[in-house]
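J.: Provided below for reference: sequence and predicted model.
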Protein chains: 4
Amino acid sequence: MAEKLKVSIVGASGYTGGELLRLLLWHPNVEVCEVTSERYAGKFVYSVHPNLRKRTQLRFCRMDDVKPCDLLFLCLPHGQAMRRIESFRALAPKLIDLSADFRLNDVNEYQHWYGIPHQCSGLMSEFVYGIPELHREEIRNANLVTGAGCNATATILALFPFFRRGLVDLDRTVVEVKVGSSEGGNAATEASHHPERSGAVRSFMPTMHRHGAEIVQELSFERQIRIYFSATSIEMVRGVLATCHVFLREPLEDKDIWKIYRENYGNEPFIRIVKEANGIYRYPEPKLLSGTNYCDIGFQKEKDSDRLVVLSALDNLMKGASGQAVQSFNLMNGFEETLGLEFPGLHPGA
Amino acid sequence: MAEKLKVSIVGASGYTGGELLRLLLWHPNVEVCEVTSERYAGKFVYSVHPNLRKRTQLRFCRMDDVKPCDLLFLCLPHGQAMRRIESFRALAPKLIDLSADFRLNDVNEYQHWYGIPHQCSGLMSEFVYGIPELHREEIRNANLVTGAGCNATATILALFPFFRRGLVDLDRTVVEVKVGSSEGGNAATEASHHPERSGAVRSFMPTMHRHGAEIVQELSFERQIRIYFSATSIEMVRGVLATCHVFLREPLEDKDIWKIYRENYGNEPFIRIVKEANGIYRYPEPKLLSGTNYCDIGFQKEKDSDRLVVLSALDNLMKGASGQAVQSFNLMNGFEETLGLEFPGLHPGA
Amino acid sequence: MAEKLKVSIVGASGYTGGELLRLLLWHPNVEVCEVTSERYAGKFVYSVHPNLRKRTQLRFCRMDDVKPCDLLFLCLPHGQAMRRIESFRALAPKLIDLSADFRLNDVNEYQHWYGIPHQCSGLMSEFVYGIPELHREEIRNANLVTGAGCNATATILALFPFFRRGLVDLDRTVVEVKVGSSEGGNAATEASHHPERSGAVRSFMPTMHRHGAEIVQELSFERQIRIYFSATSIEMVRGVLATCHVFLREPLEDKDIWKIYRENYGNEPFIRIVKEANGIYRYPEPKLLSGTNYCDIGFQKEKDSDRLVVLSALDNLMKGASGQAVQSFNLMNGFEETLGLEFPGLHPGA
Amino acid sequence: MAEKLKVSIVGASGYTGGELLRLLLWHPNVEVCEVTSERYAGKFVYSVHPNLRKRTQLRFCRMDDVKPCDLLFLCLPHGQAMRRIESFRALAPKLIDLSADFRLNDVNEYQHWYGIPHQCSGLMSEFVYGIPELHREEIRNANLVTGAGCNATATILALFPFFRRGLVDLDRTVVEVKVGSSEGGNAATEASHHPERSGAVRSFMPTMHRHGAEIVQELSFERQIRIYFSATSIEMVRGVLATCHVFLREPLEDKDIWKIYRENYGNEPFIRIVKEANGIYRYPEPKLLSGTNYCDIGFQKEKDSDRLVVLSALDNLMKGASGQAVQSFNLMNGFEETLGLEFPGLHPGA
């Protein structure tokens, strides 16, 4: 085999950083060099990510100790990557940023949704939005790739084939995502305290969720579309289920919809159309996807109505973050797209 | 105190029957006479409802053993009450049916949604639909009252003030209910097997849920409305959260919406408007409502948009079934409406 | 009815304080006067205990604002009541302290287990240990009553009949309690962060749990006994299950054990012996007890062995804390012992 | 690479069969030939094991359709393998049976614990008990290997070093296992119905659990030992935590115990000693092990006491069943012991 790629992770103590580390440690073409955490510098990574016990003796270092490498992953909290992006670019010819800093390519949109001015607006349009199913060729040729929001990924993949073709009303789509607690990151808060969070069905963002902006950006073709987006936290650690209500401009039957999905995703390694006539798992369920890079998509057309309900499930830390980043990483480096992402998930789920 | 009312329950071994029994055993004006179960006839009720251990020595009897009483509750599976309704009427001057048999007052709608012809269509219009917040006076004067669907109750109470006033687009409303496993009743199935059901986010009815028919019936005033209804099972035993997306015909501010709710529900003992600027519990959550008869309602108006998101939570076995039936029972008999329904719920929830 | 007792709660923003407040607000003989919280002074109690929305307009005040009353409940964190006990005694002729400060009556034991010297050792022996099933008459006549630990209550009630009679080996008992997350109180920590705590089976105290000291104190009759005590956190918010392995000094059959329990607990309103030959709920389960004041006890004698396994379940915030405190409160004031504690629990549990 | 081994699975529709299939499909040296299910014959395996969607087009066949192969795995319900063992032996030179039929080597013990006479007692002593950490060399040379019980594996691995050396009292050990719902298999029952099973803390086997017999068999060296064994179901799908209380014959300090474990397990690829001074995950937790083949072991010595508490965690479907079977499979065929078992588990757990 050829020499391994030298890769480092800035911000490796959080959930996306830890998940990325897990994937890269088993990736056959990767040598993980530095992984940073200001808070845990000097400590073994397994003290923070206990699943890695006995699998690596790597320790966290400080951001300032990162050495030049082939590719740098950034897993910092939102707002930090854009402040130091030039120093990171000096370290590696290729960057993948998992934060939200470079997902939007409009500086006003950024300020509107994130409430602060962008610190590096000149680079916004240089980053490729990292959903390979939409931007595969661009990613292959990119040096700068941004991850996509977890809820945005689920929604975009569910709806792309319909918006791309202009098959749905551009202003009526309602999307409600149901999300797990790991979306909030690893910092304990009053709201994440187990007696309060356990069993919650919490409408934490009935409107105004930031991922709406990414969705609109990626699904607008003819003209800017509108998405009515809501997010609810439920009893779950990992996982997203997006329930998308779109309204068809012209009548489509099940077989037409199957065909549309097959055309778009028939060769996609990480998308499965799930729609069974019977059994327990007739539609996508996030529980089956923990640890996998799949986005499962299903649908039901309402009888005597123009509504199509599309369901889309994924693991927010995998296809919604680190798994998708590795998928982009593989593309950027000419590797098999599925490398390091083979885990099929468990049944019964844990 | 006056003499207690003699009350019996037909079909008392299921979840709604058991919950009703729990409420009636503590109701100060009630004497529970017979409670039936063909399967468990002769057995102590606590062998099926273990929370009643040491609280009652009542045993199940057969349906044929029910004696005349003042009021009869029917908690049979859907489709059974309508077949025997005359024999039940012969037993008691007043009936409350918790099944779906008499919720709809249109025989065609019934056949459309339940797939079988109604067996007693003549009585359909005699039953009052048992949501006291909409039909209080009718219930007071009724001898025949039907319960309302749990998901329907949550949705109707959330949206009634807006549809009653014609404030919203009549054809664009999207409602997604998130429900617990007890909605499916007490019969074990492959889908309810714990390793498969635990952690599920299961789109069991993306479209075509029967409760949609009740909602349309109760919210149609100017003309027949349309509700785009979906239901998702989540990790929860008791509870419903309805997330309702309505589109306003004219601009309303938060204070207008508060005012609308206050006008309709300001004196309602079981409705609370929940909308906090901060804290963990800013919007309704079913977890807090287990065992209570509350329907908590909250809302968020989307900025720069005509969408209003209304959230509505309740315990499907209480305000969604047996609790609401006791509320109607109190009204039918001239009792204080809250009698036997005082439990405020637990924090932290179990 | 006679005039209501004036009662205040010091430390009412925590879980035990909130549960106590819920019970006292519905207690027919009680007028709740002040409830304190330094952190939330001035705020409505329902902003912290959302189950009390629309049920009380009470606000928190500061400790210094508490006025003289008939009885004062103390729900402060461990170590605080003993520092100010004299000022509390000046406010009310009767006190019930729910902290651990006055549970032990030996100053050395206190220092050994809590790691700090007791600040008010003179009063240690004046407080009656508040398990009514063991100390009913003392409590009736007491002005100072201490609550008992939740795990200690479950264990003591399970084993008292055997240790009292000297029927078991005094040095071999092994007890393992399985506990919910609310035992840790309402302060968020890294360990209580939902993604980390959810699904945990965490041996947080394999040995050295402080409740062991209370158990030894209450179960030592002939001489000081030994309890091998362990505690494991599991996925649950409320609830304790104690699994107690005792070794019989002489052979006992099931009927003998039934008889022993009946003699001790036959008239106890809050103890149920649960041991069914079949069905789902053959032994005690905490899930059924949420919100109730029951301690359910069951047992299985091992064949061809001297081991007896005793199972004991309760709600840690009720019979393990605030419910039991109200039970003592009723006794201290000559009320019916079950007053305000009638809730039977839910099936299916939430 | 050499030619792949031809392998079939009899009884592949259950949870252990499905997990085994998942492992073997990704095993680099294996070709999965037939997988049987009388009930689902002709159906795609992914219709039963939805995690395998898009990963295999294999269908179930009938047991009678299994062709000769290199090694046959048996995942039938207890009691069935022994009835047909000769026909299975005719199909393959090597067998691994995951049922309980050949775990015990004493015919009387079998009848005592399983309540039926053994149908093939002549082979009982021919099967090697499949815990590689105890029987590695025998397994390497065996043609017949039996799996070990999940709870038995956790307990045996926890205690083996102490019993092997005679360091503990042979008659005082108390073990309590906390188990998930998947241990009960995939057949829905009243007890596994989600509303009843969710949140349960169910003492389903306070005494008399069959796995006790395996434990005694494997841990008896000087003479037959005694284990006081209990099992409790908790809210969890996959996972076992064994809490073992042993009593030391002579004083041992932490460093002595570390040394003992290091001697026995220092080179074991699937055993990790987990004992941290701080952090959230100080002791083993099954949640981290879902999908992995690890058995994590930790301990705490009680101060001023002869009790040692040993904690042991594993995934009952992996190290407790199919993962351990693949580990034995690797040994029997001269493969790297960890082949196909590399998955490290997820953090945060799902």
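T.: Yep, that arrived.
J.: every contact and neighbour count from this point should use C-alpha atoms.
T.: OK.
J.: and the strands in the stretch 201-350 of chain A?
T.: Ranges of strands within the stretch 201-350 of chain A are A:202-205, A:227-233, A:240-247, A:271-273, A:295-301, A:307-314, based on DSSP state E, counting those that start in this stretch.
J.: gap between the two ends of stretch A:327-336?
T.: Criterion CA to CA, to the nearest Å; first-to-last residue distance in stretch A:327-336 is 9 Å.
J.: looking at chain A, which helix is longest?
T.: helix A:150-164 (DSSP state H).
J.: what element comes up after that helix heading to the C-terminus?
T.: Per DSSP states H and E, helix A:150-164 leads on to strand A:173-179 as the next helix or strand towards the C-terminus.
J.: same for that following strand, what does it pack against?
T.: Secondary-structure packing of strand A:173-179 (3 or more CA pairs under 8 Å, 6 or more residues apart in numbering or on different chains; DSSP states H and E): strand A:227-233, strand A:240-247.
J.: ok, 10 Å please
T.: helix A:150-164, strand A:202-205, strand A:227-233, strand A:240-247, strand A:307-314, strand B:173-179, strand B:240-247 (3 or more CA pairs under 10 Å, 6 or more residues apart in numbering or on different chains; DSSP states H and E).
J.: any chance of the strands of the stretch 201-350 of chain A in TSV with mean neighbour count and mean pLDDT as columns?
T.: TSV is the format used below for the strands of the stretch 201-350 of chain A (neighbours: other CA atoms under 10 Å in any protein chain shown; pLDDT from 0 to 100):
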stretch	mean neighbour count	mean pLDDT
strand A:202-205	20	96
strand A:227-233	22	98
strand A:240-247	28	98
strand A:271-273	22	98
strand A:295-301	24	98
strand A:307-314	27	98
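J.: TSV for these, including distance to chain C?
T.: Output for the strands of the stretch 201-350 of chain A, formatted as TSV (distance: least, CA to the nearest CA, whole Å):
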stretch	distance to chain C
strand A:202-205	14
strand A:227-233	12
strand A:240-247	14
strand A:271-273	26
strand A:295-301	22
strand A:307-314	17
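J.: CA atoms only: put the longest helix of chain A into PDB for me.
T.: Taking Å, rounded to 0.1, in the frame of the first residue of the first chain, the C-alpha atoms of helix A:150-164 are listed here in PDB:
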ATOM      1  CA  CYS A 150     -27.000  17.100  10.600                       C
ATOM      2  CA  ASN A 151     -30.600  18.100  10.300                       C
ATOM      3  CA  ALA A 152     -29.800  19.900   7.100                       C
ATOM      4  CA  THR A 153     -28.200  16.700   5.600                       C
ATOM      5  CA  ALA A 154     -31.200  14.600   6.500                       C
ATOM      6  CA  THR A 155     -33.600  17.200   5.000                       C
ATOM      7  CA  ILE A 156     -31.600  18.000   1.900                       C
ATOM      8  CA  LEU A 157     -31.000  14.400   0.900                       C
ATOM      9  CA  ALA A 158     -34.700  13.700   1.400                       C
ATOM     10  CA  LEU A 159     -35.900  16.500  -0.800                       C
ATOM     11  CA  PHE A 160     -33.100  17.200  -3.300                       C
ATOM     12  CA  PRO A 161     -34.600  15.000  -6.100                       C
ATOM     13  CA  PHE A 162     -37.900  16.900  -6.000                       C
ATOM     14  CA  PHE A 163     -36.600  20.400  -5.700                       C
ATOM     15  CA  ARG A 164     -33.900  19.800  -8.300                       C
END
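J.: show me what counts as buried in that helix.
T.: A:150-163 (16 or more other CA atoms under 10 Å in any protein chain shown).
J.: so it versus strand A:295-301, what angle?
T.: Orientation of helix A:150-164 against strand A:295-301 (axes from the mean of the first three to the mean of the last three CA atoms, to 10 degrees) gives an angle of 50 degrees.
J.: quick one: residue A:7 is in a helix?
T.: No: secondary structure of residue A:7 (DSSP: H, G, I helix; E, B strand; the rest coil): strand, not part of a helix.
J.: which residues does it contact?
T.: Contacts for residue A:7 (CA atoms under 10 Å, 6 or more residues apart in numbering or on different chains) come out as A:24, A:30-35, A:67-73, A:92, A:94-95.
J.: now a ChimeraX select for only the buried ones of those residues.
T.: Paste this into ChimeraX to select the buried members of the contacts of residue A:7, with burial taken from 16+ other CA under 10 Å:
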select /A:24,30,31,32,33,34,35,68,69,70,71,72,73,92,94,95
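J.: just the ones of the contacts of residue A:7 in helices?
T.: Reading helices off these with DSSP H, I get residue A:24.
J.: now, the contacts of residue A:7 that are in strands?
T.: A:30-35, A:71-73, A:94-95 (DSSP state E).
J.: residue boundaries of the helices in the stretch 251-350 of chain A?
T.: Counting by DSSP state H, counting those that start in this stretch, one finds helices in the stretch 251-350 of chain A at the ranges A:254-265, A:323-332.
J.: for those, which one ends up most surrounded?
T.: Neighbour counts (mean count of other CA atoms under 10 Å in any protein chain shown) averaged over each of those peak at helix A:323-332, with a mean of 25.
J.: ok, it near chain D or not?
T.: No: against chain D, helix A:323-332 shows no contacts by CA under 10 Å from any CA of the partner chain, the least distance being 12.8 Å.
J.: of all residues in the stretch 251-350 of chain A, which one is closest to chain C?
T.: residue A:350 (9.1 Å; CA to the nearest CA).
J.: for that residue, grab the count of nearby residues.
T.: Residue A:350 sits with 28 neighbouring residues when counted by other CA atoms under 10 Å in any protein chain shown.
J.: same question, residue A:249
T.: Neighbour number of residue A:249 under other CA under 10 Å is 13.
J.: how about residue A:85?
T.: 16.
J.: same thing with the one 5 residues further on?
T.: Using other CA under 10 Å, residue A:90 has 12 neighbouring residues.
J.: list the contacts for the closest residue in space to it that isn't next to it in sequence?
T.: Once flanking residues are discounted, residue A:90 sits nearest to residue A:68: 7.8 Å by CA to CA, 6 or more residues apart in numbering or on different chains. Neighbour list for residue A:68: A:6-8, A:33-34, A:88-93 [criterion: CA under 10 Å, 6+ apart].
J.: make it 8 Å
T.: Going by CA atoms under 8 Å, 6 or more residues apart in numbering or on different chains, residue A:68 touches A:90-92.
J.: in a markdown table: the residues you listed, plus pLDDT.
T.: Below are the contacts of residue A:68 laid out as a markdown table (pLDDT from 0 to 100):
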| residue | pLDDT |
| --- | --- |
| A:90 | 98 |
| A:91 | 98 |
| A:92 | 98 |
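J.: surely residue A:229 meets residue A:206?
T.: Yes: contact criterion CA atoms under 8 Å: residue A:229 and residue A:206 qualify, at 7.5 Å.
J.: pretty sure residue A:12 sits against residue A:39.
T.: No: counting by CA under 8 Å, residue A:12 stays clear of residue A:39, with 10.5 Å between them.
J.: more neighbours: which of those two?
T.: Comparing residue A:12 with residue A:39 by other CA under 10 Å, the one with more neighbours is residue A:12, at 28 against 12.
J.: that one and residue A:60, how far apart?
T.: 8 Å.
J.: identify the contacts common to those two.
T.: A:35-37.
J.: near chain C, list only the ones from those.
T.: When contact is defined as CA under 8 Å from any CA of the partner chain, the shared contacts of residue A:12 and residue A:60 do not meet chain C at all.
J.: could the buried residues of helix A:150-164 go into a markdown table alongside distance to residue C:198 and pLDDT?
T.: Formatted as a markdown table, the buried residues of helix A:150-164 follow (distance: CA to CA, whole Å; pLDDT from 0 to 100):
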| residue | distance to residue C:198 | pLDDT |
| --- | --- | --- |
| A:150 | 21 | 98 |
| A:151 | 22 | 98 |
| A:152 | 25 | 98 |
| A:153 | 25 | 98 |
| A:154 | 24 | 98 |
| A:155 | 27 | 98 |
| A:156 | 29 | 98 |
| A:157 | 29 | 98 |
| A:158 | 29 | 98 |
| A:159 | 32 | 98 |
| A:160 | 34 | 98 |
| A:161 | 37 | 98 |
| A:162 | 38 | 98 |
| A:163 | 38 | 98 |
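J.: cool, thanks, signing off.
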